[in-house]
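# Let's see this in three dimensions:
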Amino acid sequence: MGKHISRRHILRFGTVMGLGALAGCDQITFPGLSSPAQNPAQPSGPSPLSDAPPASMSITSASGLRYEVQRTEAEWRARLSEHEYAILREGGTEPRHSSPLATETRNGTYACKGCELPIYSSSEKIILPQGWVFFHHSYDNAVLTGVDQGHIEAHCRRCGSHLGHILYVETQVLHCINGTSLIFRPIGS
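Numbering: from 1, shown residues only. So this is what the prediction gives:
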C-alpha cells in the first residue's frame, strides 16, 4: 500500500488470477494467493477478452502503463482533496463506515472519481457490514488489477486511480472499493 501506480509489477485486465486481502481488515478472511498450478479451477492462460489493453492505452515499460487520462501530480492535487489524493493516487484505504456509498441502495452507476469512467452498476452491488462498498463484478474492461505485496488491487483502467481491492469475503470473491474513489449517479439524474 502507499506505492505509486507506476510501480505495480503485475497488471492485467479482466480475470483475477488470485485472491488478495485488505490490510487492516480483520473481518475478511484471506485463504492466500494461489497460482493456476495450485488451483486448477482458475484460468491458466490469458483470457481472450482481457489480455490486450484498449487501443488508447500503451505499455511504456515493465513497471508502468500509459493511461488514456494522464495528469501531472500538480493537476491531480488540484482536482482532489488531500484525502482523495491519498486514496486514488497513493493507494490508501478509507476508514470503515466513512463513505455513505457503503449503504447506498438506489439504482445507478458508480464511476471513477479520477476520470468519471463508469466502473460498477448498482445491480452488482452487495451491502455488507464490513464498512466499504462491495460489488460482485465491474463493467467489462473498466478495472485494471495489480498485485502489490500479495494484495490484488483494483484500479481504473482509464486513469489508473486506485479503487480498492479484490477479496475473498464471506465465501465470495468481491471488489471491496473505497467510496472515496467513486462518484454515484442515480438512474434518472
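
# hey, let's count contacts and neighbours off CA atoms from now on
OK.

# Would you list the phi and psi of E124?
For E124, the backbone dihedrals (degrees, to the nearest 10) come out as phi -100, psi 0.

# Verify the stated contact: it with F135.
Yes. With contact defined as C-alpha atoms under 8 Å, E124 counts as touching F135 (5.2 Å).

# So which of those two has more stuff around it?
Neighbours were counted for E124 and for F135 using other C-alpha atoms under 10 Å; F135 has more, 19 against 15.

# Who does the more buried one form a beta bridge with?
K125, H175 (DSSP bridges).

# Run through the residues that contact it.
F135 is in contact with 120, 124-126, 174-177, counting by C-alpha atoms under 8 Å, 6 or more residues apart in numbering.

# now swap in L174 and tell me
L174 neighbours (C-alpha under 8 Å, 6+ apart): 134-137, 166-168.

# And the helices in the protein, which stretches?
73-79, 82-88 (DSSP state H).

# I'd say R89 and S161 touch.
Yes. Taking contacts as C-alpha under 8 Å, R89 lies within contact range of S161: 5.7 Å.

# Angles on the backbone of the nearest residue to Q70 once chain neighbours are set aside, please.
Nearest in space to Q70, with sequence neighbours left out and distances taken as C-alpha to C-alpha, 6 or more residues apart in numbering, is C159 at 6.3 Å. The phi/psi pair for C159 (degrees, to the nearest 10) reads phi -120, psi -10.

# mind checking how far C159 is from R96?
Distance of C159 to R96, given as C-alpha to C-alpha, to the nearest Å: 25 Å.

# the more surrounded of these two?
C159 (24 against 14).

# ok, that one - contacts?
67-70, 114-115.

# rerun at 10 Å
57, 65-71, 88-89, 112-117, 144 (C-alpha atoms under 10 Å, 6 or more residues apart in numbering).

# are any of these buried, and which?
Taking 16 or more other C-alpha atoms under 10 Å as the criterion, what is buried in the contacts of C159 is 57, 65-68, 88-89, 112-115, 117, 144.
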